[in-house]
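Asks: any chance you can model this:
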Amino acid sequence: MKKYVLFLLVASLVLSGCASQGKSLEGSWTLTSYGPGASPIPSVADSQASITFNNDGTISGNSGCNSFGGEYKVDGDQVTFNALVSTLMACSEPLMAQEGIVYQVLNGTASYEIKGEILTISNNGMVLVYTAA
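Replies: As a prediction, the model looks like this:
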């Protein structure tokens, strides 16, 4: 009986570990902070910066200043962004600085991690931290 209970315990731990790694990017996320990986800063207040990963391999979002869209592909803990296009409005300096980091991180292949309701995308020494919307 003890072996059976131990087996069930080990099996449930293994399965729960697999489930946490299988979290999907799909859905909408709101930017909460950005910047250098070691010391990200809060996103610009009321900027409404966000990203949506659609199940058809496309993304859409807003950097806080301009809207953008493109394609993405996931491979393990890596996400590759392709064909990103955006509107070209000028905004205040804090929004333009935030936008610069957003596009730097969403350029090419980035690493990502989902912990609970927090998505962190890392690339080129910078991070974007999002919360599930």
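Asks: kindly check the end-to-end length of stretch 28-48 for me.
Replies: Stretch 28-48 has an end-to-end distance of 12 Å (CA to CA, to the nearest Å).
Asks: so which bits of that stretch are buried?
Replies: Of all the residues in stretch 28-48, those buried under the rule 16 or more other CB atoms under 10 Å are 29, 30, 31, 33, 34, 35, 40, 43, 44, 47. Every residue, glycine included, has its C-beta placed from N, CA and C.
Asks: quick check: mean pLDDT of it?
Replies: Here stretch 28-48 scores 96 as its mean pLDDT.
Asks: a markdown table please, covering the buried residues of stretch 28-48 and showing distance to residue 74.
Replies: Formatted as a markdown table, the buried residues of stretch 28-48 follow (distance: CB to CB, whole Å):
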| residue | distance to residue 74 |
| --- | --- |
| 29 | 14 |
| 30 | 20 |
| 31 | 20 |
| 33 | 22 |
| 34 | 21 |
| 35 | 24 |
| 40 | 22 |
| 43 | 24 |
| 44 | 28 |
| 47 | 26 |
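Asks: okay, and the helix or strand of the chain with the least pLDDT?
Replies: In the chain, no helix or strand scores lower on mean pLDDT, DSSP states H and E than helix 2-21, which sits at a mean of 38.
Asks: show me the strands in the chain, by range?
Replies: 27-36, 41-42, 50-53, 58-62, 67-75, 78-86, 108-115, 118-123, 126-132 (DSSP state E).
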